[in-house]
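Q: The amino acid sequence is not available; the structure is as follows:
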């Protein structure tokens, strides 16, 4: 007999087999139980339960949408792990063309496209009425993205003294700073600034100069993709070529 209150691994495995749905966490396939409790007042947040514990800030792909794990899944519950995910309804592109690592290298695909939660406040949790739509004009916004090796390059770009700009809702925003206080999540604060001739509003890319002819080959959208076979492509690095002006 199936008993959800009994600490039995087979019980949860039975639940996964009978009612589980496929999700992708950080691009890789997993099974999960999906639920939305009455205490949650927005469709932008749902609970997932999995056999595996995932860290806060993990990207989740479910029902053709991207989500960010809002809470850590560290406490086992009936040999499963439960966490709240928040809809990351925006895709933001960061231009990392000016970035160099300690060996003088940068990613071949330096236009990093990521799922993001965009808010008027600096609180990732609970400000449902403050989440912004893509056509909302605000003088200051907060962008929440997964904290991983790729997104840490945004912080590195700021630390080396370079400008970090994004296009959001048809407007140009400039980064004021980045916070790593919330484990697993990067919070970037942006202020609105004036559009210039180099901004590609249509494709959502902030350039510092005219874009190269191969700019479409420079888009890294692996954080938006899923890999059913469990194999994530290896990233390539290159030595930047000086073009007689700025690299951006």
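A: Alright, I've got the coordinates. The structure displayed is predicted, hence computed values, not measured ones.
Q: And the helices in the protein, which stretches?
A: Secondary structure of the chain, counting by DSSP state H: helices at 9-19, 152-159.
Q: what's the most buried one of these?
A: helix 152-159 (a mean of 17; mean count of other Cβ atoms under 10 Å). Backbone N, C-alpha and C define where each C-beta goes, glycine included.
Q: For that helix, name the packing helices and strands.
A: strand 171-179, strand 185-193 (3 or more Cβ pairs under 8 Å, 6 or more residues apart in numbering; DSSP states H and E).
Q: With respect to residue 112, which of these lies nearest?
A: Proximity to residue 112, assessed across the helices and strands packed on helix 152-159 by Cβ to Cβ, is greatest for strand 185-193 (11.9 Å).
Q: For the closest one, which strands pair with it and how are they oriented?
A: Here strand 185-193 has these sheet partners by DSSP bridges: strand 140-146 (antiparallel), strand 171-179 (antiparallel).
Q: Next, format those as TSV and append distance to residue 207.
A: Output for these, formatted as TSV (distance: least, Cβ to Cβ, whole Å):
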stretch	distance to residue 207
strand 140-146	19
strand 171-179	11
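Q: which one of those is the most hemmed in?
A: That would be strand 140-146, which, of the strands paired with strand 185-193, has the most neighbours on average (mean count of other Cβ under 10 Å), namely a mean of 22.
Q: where does this protein have low pLDDT?
A: 1-9, 37-43, 74-78, 122-138, 242-248 (pLDDT under 70).
Q: Can you lay out the helices of the chain as a markdown table showing distance to residue 177?
A: Converted to a markdown table, these look like this (distance: least, Cβ to Cβ, whole Å):
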| stretch | distance to residue 177 |
| --- | --- |
| helix 9-19 | 42 |
| helix 152-159 | 7 |
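Q: Residue 47: which of those helices is closest?
A: helix 9-19 (13.4 Å).
Q: same for that closest one, what does it pack against?
A: Counting by 3+ Cβ pairs under 8 Å, 6+ apart, helix 9-19 packs on strand 28-35.
Q: Quick check: end-to-end length of stretch 199-217?
A: End-to-end distance of stretch 199-217: 18 Å, with Cα to Cα, to the nearest Å as the criterion.
Q: roughly how far apart are the spatially closest residue to residue 58 that is not a sequence neighbour and residue 142?
A: Of all residues not flanking residue 58 in the chain, residue 69 sits nearest, at 4.3 Å (Cβ to Cβ, 6 or more residues apart in numbering). Residue 69 sits at a distance of 18 Å from residue 142 (criterion: Cβ to Cβ, to the nearest Å).
Q: likewise residue 211?
A: Residue 211 is 27 Å from residue 142, by Cβ to Cβ.
Q: Test my guess that residue 146 contacts residue 55.
A: No: assessed by Cβ atoms under 8 Å, residue 146 is found out of contact with residue 55, at 9.5 Å.
Q: so what sits against both of the two?
A: residue 184 (Cβ atoms under 8 Å, 6 or more residues apart in numbering).
Q: Please identify the buried residues of stretch 21-37?
A: 23, 24, 25, 26, 27, 28, 30, 31, 32, 33 (16 or more other Cβ atoms under 10 Å).
Q: How about stretch 112-123?
A: 112, 113, 114, 115, 116, 117, 118, 119, 120.
Q: mind listing what the first one touches?
A: In other words, residue 112. 93, 94, 96, 150, 151, 153, 154, 220, 223.
Q: Would you mind measuring from the residue lying closest to it once chain neighbours are set aside to residue 185?
A: Nearest residue to residue 112, sequence neighbours excluded (Cβ to Cβ, 6+ apart): residue 94, at 4.6 Å. As judged by Cβ to Cβ, residue 94 and residue 185 stand 15 Å apart.
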